[in-house]
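A.B. asks: Any chance you could fold what I've pasted below:
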Amino acid sequence: MRFSGIKIIPVFCILLIGYGCRHKKDSVKTVTKQKVEVKSGSAAFKEKMGVSNKEIKDNKLYSFINEWYGTPYKYGGCEKSGVDCSCFTINLFDKVYGKKMPRTAGEIYKECEKLSIDSVKEGDLIFFKINSNSITHVGVYLRDKKFVHASTTRGVLVNSLSETYYSKYFYSAGKLKHK
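C.D. replies: The predicted structure is shown next:
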């Protein structure tokens, strides 16, 4: 096919290179927005986290999760209308901890002190290599092997490192060096 006088530059492809969560380049997925209540006596929160509300130590963290829970995934997205894993993590760290981070999961990984999974604590980061030799996904550790992240198929939600999929692709844990 010949394009006379037009030079096509794959700018869009260049912009996408390096974005985090690149294991799927999906557009916005349809996800039912569900809130995880952080209020006392919440069955939804207990069910998702397996803890009682009185065990919650960081209300700011869980309130943030509650606000974003169910937000659809959007590759390269950074808003409540659609967000990818790295931007969700960036927003969480900015609003909850007042910390700035780089834009991609791989760049965030480079800014971390590496941790063993046994020493990870609430607010630490967990990284995955999903069908890749490089970091493709990031989440925020909560407790009891549970973490919050922006899933390409279900949006922002809580999962467990014990789940087969996540245990298969888990790569490393880390603490932001300037956290």
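A.B. asks: Tell me where this protein has strands.
C.D. replies: Ranges of strands in the chain, per DSSP state E, are 78-79, 82-83, 112-115, 125-128, 137-143, 146-151, 155-160, 170-176.
A.B. asks: right, and these - which one's nearest residue 69?
C.D. replies: Closest to residue 69 of the strands of the chain, according to Cβ to Cβ: strand 155-160, at 5.6 Å. C-beta: built from backbone N, CA, C; applies to glycine.
A.B. asks: Buried residues in the closest one, which are they?
C.D. replies: 155, 156, 157, 158, 159 (16 or more other Cβ atoms under 10 Å).
A.B. asks: ok, now how distant is the residue nearest to residue 83 when sequence neighbours are not counted from residue 140?
C.D. replies: Residue nearest to residue 83 in three dimensions, not counting chain neighbours: residue 77, with 4.8 Å by Cβ to Cβ, 6 or more residues apart in numbering. According to Cβ to Cβ, to the nearest Å, residue 77 stands 17 Å off from residue 140.
A.B. asks: repeat for residue 72
C.D. replies: For residue 72 relative to residue 140 (Cβ to Cβ), the value is 18 Å.
A.B. asks: Could you do residue 125 as well?
C.D. replies: Taken as Cβ to Cβ, the span from residue 125 to residue 140 is 6 Å.
A.B. asks: which residues are in contact with both of those two?
C.D. replies: Counting by Cβ atoms under 8 Å, 6 or more residues apart in numbering, the contacts common to residue 125 and residue 140 are residue 89.
A.B. asks: Neighbour count: these two, which is higher?
C.D. replies: Legend: neighbour count by other Cβ atoms under 10 Å for residue 125 and residue 140, higher for residue 125 (25 against 22).
A.B. asks: Run through this protein and note the low-pLDDT ranges.
C.D. replies: 1-58, 179 (pLDDT under 70).
A.B. asks: Please go through it and pick out the longest helix.
C.D. replies: helix 59-68 (DSSP state H).
A.B. asks: That one packs against which elements?
C.D. replies: helix 85-92, strand 155-160 (3 or more Cβ pairs under 8 Å, 6 or more residues apart in numbering; DSSP states H and E).
A.B. asks: Now that we have these, can you turn them into TSV and tack on distance to residue 171?
C.D. replies: Shown next, in TSV, are these (distance: least, Cβ to Cβ, whole Å):
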stretch	distance to residue 171
helix 85-92	13
strand 155-160	15
